[in-house]
Each structure stands twice: as structure tokens, then as C-alpha cells.
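Chemist: Prediction below, plus the sequence it came from.
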Amino acid sequence: MAERVFAGKLERAGFAGIWVGGHRPFGIDEAALYPLFTQELIEVMRRTIPAGRQGHVATGVIVKARRPG
Amino acid sequence: MARDLMFQREIQQAVRQAYGAIAGGAGEQVARRLYSDQDLSEVPAGAVEWALGVGNPVRYAMLQPGQRVLDVGSGGGIDTILAARRVGSQGEAVGLDFLEEMCARGRHHAVQADVERWTRFVQGEMEDMPLPDQSVDVVISNGVLNLSARKSRALAEIFRVLRPGGRICMADLTVEGELPPEVAGDQSAWAG
């Protein structure tokens, strides 16, 4: 899910004051540490994702918002 | 519509199977990337070993003593326990997870952390939470919303259980641009 899509879903759910920050790159090497990503998927990612993008296939973010009072 | 619903069930089943099958979390190596030494000193080793998140929402949540916090997708309980430390015994930390075995791990770790008197774990789906309306001050989650095939429904549920003025603080992964179809179509990509 893209960041703007995430924010849009929050807005449509009724949230206000949406803030997205704390961005940090999430690469294949980091994904490989998680048991939920199978070894097969990690190998497919290494084979199909361009080398220059392998260190940043996703972005870890913090999303904050509030329910209007 | 029917095809979409079937796809949702397939995703849900894939996530359940993936989480039910794993023998441990991402462990200390990942936890050290996300949490401070101080944070890790406040939780039992078992909760650290079961860390499966992608950030540290408690660091950003500005929790206050006495608040009621809901941790959606609480897993082994690392964020629930950190939240329990912040809100203290006048507050409450509630962990919600769709797997009873994860709730059991969270309860065990909460006892080890000595926060069990104001911490509880509830089995349930994020898209249909077994919690009353407007009953929570802050909702946190860590790498969980992306697991839902019905993200808008999950967000509507979070909105429902928050009291007016309540806040969310969620860590998750975003992806800009397209992933190769071999990756995007893999079930474990959803689960992870």
C-alpha cells in the first residue's frame, strides 16, 4: 500500500490530523530476517528486483491520526 | 464481488497459516534495529524473540499514565508490554490478536514483565473487534494493517473503538511503485 493510499483510507474512515513520518528503508536483507517471508520469496525478490532497489523495496513509516472530538 | 471476497478469504487464510506455523519471531536482531536498549530492558526476552513488527509505535505514541491502549495485532506482546509500562496500573493495555496461541504468549510475557494486572489479551479479528464503542484512548499497531485484505474495514473498526479525541499511532510498511508480479503475487508477501 502506498503512503498516499494509506492516508486516504484514514481520511475516509473519519480520521483527522494525519501525520506520516519516521521513514526508514526496508530492504531484502531486512525482510530475510523475518520468518514470515519464505526463503523462496526472498530468492525471487533478489532475482527480480533491480540491484539498486534491493536495499529499499518498502518503507517503514509511523502513521499518526486522531478521531475528531 | 464474489471473487473479491474469495480473494480476501485466501489472503486471510494465508496470513493465519503463516503466523500459526512460525516457530519464533524475527528475534533480537530485528528488535535491536527498532527498539532502544532501554525499551528492550523493559520487556522479557521471550517477547523480544517474538518481535515481528516493523517499527516502534510506542516511541511515538506519547502515552500518558491512566490511558487505555489497544495494541492491534499484539503477537508476542512486546508493544503491549511497553505500552503497559507507559500507562501504568491506573491505565490498561489491551492486546488483540487473531491467534489464541499468540494471546497466550502475550499473557505469559505480561506475567514475566509483572504488568499482568493491567494488561489483557483478547482473541479477535481487527476487522471485527470484540470491544465496545469509544472504549480506547490510543490504538497502536506494528506491521499489522498491511496483513488485512479489508484495510478500510479494519480502520473503521479502529475508529469505532476510539473515544472522540482518541489517537492512533501505527507502524507499517508502504510500497511506492510496482513490485515484480512474482513478488506481489506471492502469498507470503502478504503475510510478511
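Modeler: Thanks, I have the structure now. Residues are numbered from 1 along each chain as shown, chains lettered A, B, ... in the order given.
Chemist: Might you name the residue of chain B sitting closest to chain A?
Modeler: B:Gly165 (3.4 Å; Cβ to the nearest Cβ). For glycine as for every other residue, the C-beta is placed from the backbone atoms N, C-alpha and C.
Chemist: Torsion angles phi and psi at that residue?
Modeler: phi 90, psi -10 (degrees, to the nearest 10).
Chemist: can you count the residues close to B:Gly177?
Modeler: Using other Cβ atoms under 10 Å in any protein chain shown, B:Gly177 has 7 neighbouring residues.
Chemist: right, I mislabeled it, should have said B:Met102
Modeler: Other residues lying near B:Met102 total 23 when counted by other Cβ under 10 Å.
Chemist: next one: B:Glu176
Modeler: For B:Glu176, the number of neighbouring residues by other Cβ under 10 Å comes to 12.
Chemist: Pull the contacting residues for it.
Modeler: Residues counted as contacts of B:Glu176 (Cβ atoms under 8 Å, 6 or more residues apart in numbering or on different chains) are A:Ala2, A:Glu3, A:Thr59.
Chemist: show me what contacts the nearest residue to B:Val144 once chain neighbours are set aside?
Modeler: In this structure, B:Val144 finds its nearest non-sequential neighbour in B:Gly73, 3.1 Å apart by Cβ to Cβ, 6 or more residues apart in numbering or on different chains. By Cβ under 8 Å, 6+ apart, B:Gly73 lies in contact with B:Leu96, B:Asp97, B:Phe98, B:Met126, B:Ser141, B:Asn142, B:Gly143, B:Val144, B:Leu147.
Chemist: Can you list phi and psi of B:Gly73 for me?
Modeler: phi 80, psi 60.
Chemist: What does the pLDDT read for it?
Modeler: We note a pLDDT of 96 for B:Gly73 in this prediction.
Chemist: Check the gap between it and B:Asp137 for me.
Modeler: 18 Å (Cβ to Cβ, to the nearest Å).
Chemist: Which parts of the chain are helices?
Modeler: Looking at chain A here, since you left the chain open. Taking DSSP state H as the criterion, chain A carries its helices at A:3-13, A:28-31, A:39-48.
Chemist: Chain B is the one I meant
Modeler: B:2-21, B:28-34, B:37-41, B:45-49, B:57-61, B:78-87, B:100-113, B:151-161, B:181-184, B:187-191.
Chemist: want to throw those helices into a markdown table with distance to B:Val69 and mean pLDDT?
Modeler: Formatted as a markdown table, the helices of chain B follow (distance: least, Cβ to Cβ, whole Å; pLDDT from 0 to 100):
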| stretch | distance to B:Val69 | mean pLDDT |
| --- | --- | --- |
| helix B:2-21 | 22 | 67 |
| helix B:28-34 | 18 | 90 |
| helix B:37-41 | 15 | 97 |
| helix B:45-49 | 16 | 95 |
| helix B:57-61 | 8 | 98 |
| helix B:78-87 | 4 | 98 |
| helix B:100-113 | 13 | 97 |
| helix B:151-161 | 11 | 97 |
| helix B:181-184 | 33 | 80 |
| helix B:187-191 | 26 | 57 |
